[in-house]
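K.L.:
here are the coordinates; sequence isn't available:
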């Protein structure tokens with residue numbers, strides 16, 4: 001009896017290898033799947049793209065106020081003069097009859113033009129500033145209120161004042177220069193009133209008891 005040859009041995013080995021390969025293929029397992037998913041990255045902003053900016057808040061409104069200016073005129077009965085100077089909503093006024101009666105008054109001018117000024121001994125001026133052209137109202141100084149109209153002053157007209165010590169006396173002078181160039185003023189020496197000497201409205205120069213003084217526009 002003959003032994004199987006090498007060819008049969010090779011054939012048997014080949015068949016065994018094929019059987020093992022087939023078994024491994026049919027019984028193979030898949031890799032386990034992770035229960036977590038990667039989060040997709042957010043898209044990068046496109047170069048040159050700018051997010052719209054929020055609108056800037058509107059600036060706060062600036063409260064309006066009465067226009068600055070100087071006003072001068074006379075009472076309706078033509079017995080006295082009145083001048084008012086307005087700056088930044090504040091006002092100073094002067095009332096005088098050119099002889100012995102006078103009063104300085106101060107207060108506010110509201111944005112709507114309403115004027116209310118007060119002075120010593122109960123003096124009061126009330127009125128309204130009309131379109132920055134004139135002030136109409138009443139002024140009461142030691143008596144019944146008098147109606148007046150003061151129009152916007154021209155160059156060299158308006159309200160002037162000078163204070164100084166002359167020959168050991170305290171001097172306080174007020175002048176109202178009207179648009180036609182006429183003047184009304186009172187000068188007090190240690191509290192005693194008298195008609196004021198004439199003022200040069202070009203320079204403010206005035207001579208009191210032989211001494212040269214300089215009056216200046218009266219401001220609030």
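P.N.:
Looks like it came in fine. The structure presented is a predicted model; accordingly, all values stated were derived computationally and were not measured.

K.L.:
isn't residue 198 right up against residue 184?
P.N.:
No - between residue 198 and residue 184 there is no contact under C-beta atoms under 8 Å: 11.1 Å. (Each C-beta comes from the backbone N, C-alpha and C, glycine too.)

K.L.:
And the helices in this protein, which stretches?
P.N.:
Applying DSSP state H to the chain gives helices spanning 6-26.

K.L.:
So between residue 198 and residue 184, which is more surrounded?
P.N.:
For residue 198 versus residue 184, the count of surrounding residues by other C-beta atoms under 10 Å is larger for residue 184: 24 against 12.

K.L.:
neighbours around residue 142, how many?
P.N.:
10.

K.L.:
What residues does it make contact with?
P.N.:
Listed by C-beta atoms under 8 Å, 6 or more residues apart in numbering, the contact set of residue 142 reads 101, 103, 121, 123.

K.L.:
pLDDT at the nearest residue to residue 171 once chain neighbours are set aside, what is it?
P.N.:
Computed as C-beta to C-beta, 6 or more residues apart in numbering, the closest residue to residue 171 that is not its neighbour in sequence is residue 164, at 5.2 Å. Here the pLDDT value assigned to residue 164 is 95.

K.L.:
who's in contact with residue 164?
P.N.:
Going by C-beta under 8 Å, 6+ apart, residue 164 touches 171, 208, 211, 213.

K.L.:
Next one: residue 86 from residue 185, what distance?
P.N.:
Remark: distance between residue 86 and residue 185 (C-beta to C-beta, to the nearest Å) = 21 Å.

K.L.:
before we move on, what about residue 117?
P.N.:
Distance from residue 117 to residue 185, by C-beta to C-beta: 19 Å.

K.L.:
same check, this time on residue 169
P.N.:
Going from residue 169 to residue 185 by C-beta to C-beta gives 17 Å.

K.L.:
just residue 173 next, same as before
P.N.:
For residue 173, the distance to residue 185 - C-beta to C-beta - is 6 Å.

K.L.:
so what's in contact with these two at the same time?
P.N.:
Counting by C-beta under 8 Å, 6+ apart, the common neighbours of residue 173 and residue 185 are residue 196.

K.L.:
Can you report how many residues neighbour residue 212?
P.N.:
Residues near residue 212, counting by other C-beta under 10 Å: 8.

K.L.:
which of residue 169 and residue 185 has more neighbours?
P.N.:
Higher neighbour count among residue 169 and residue 185: residue 185, with 24 against 14, using other C-beta under 10 Å.
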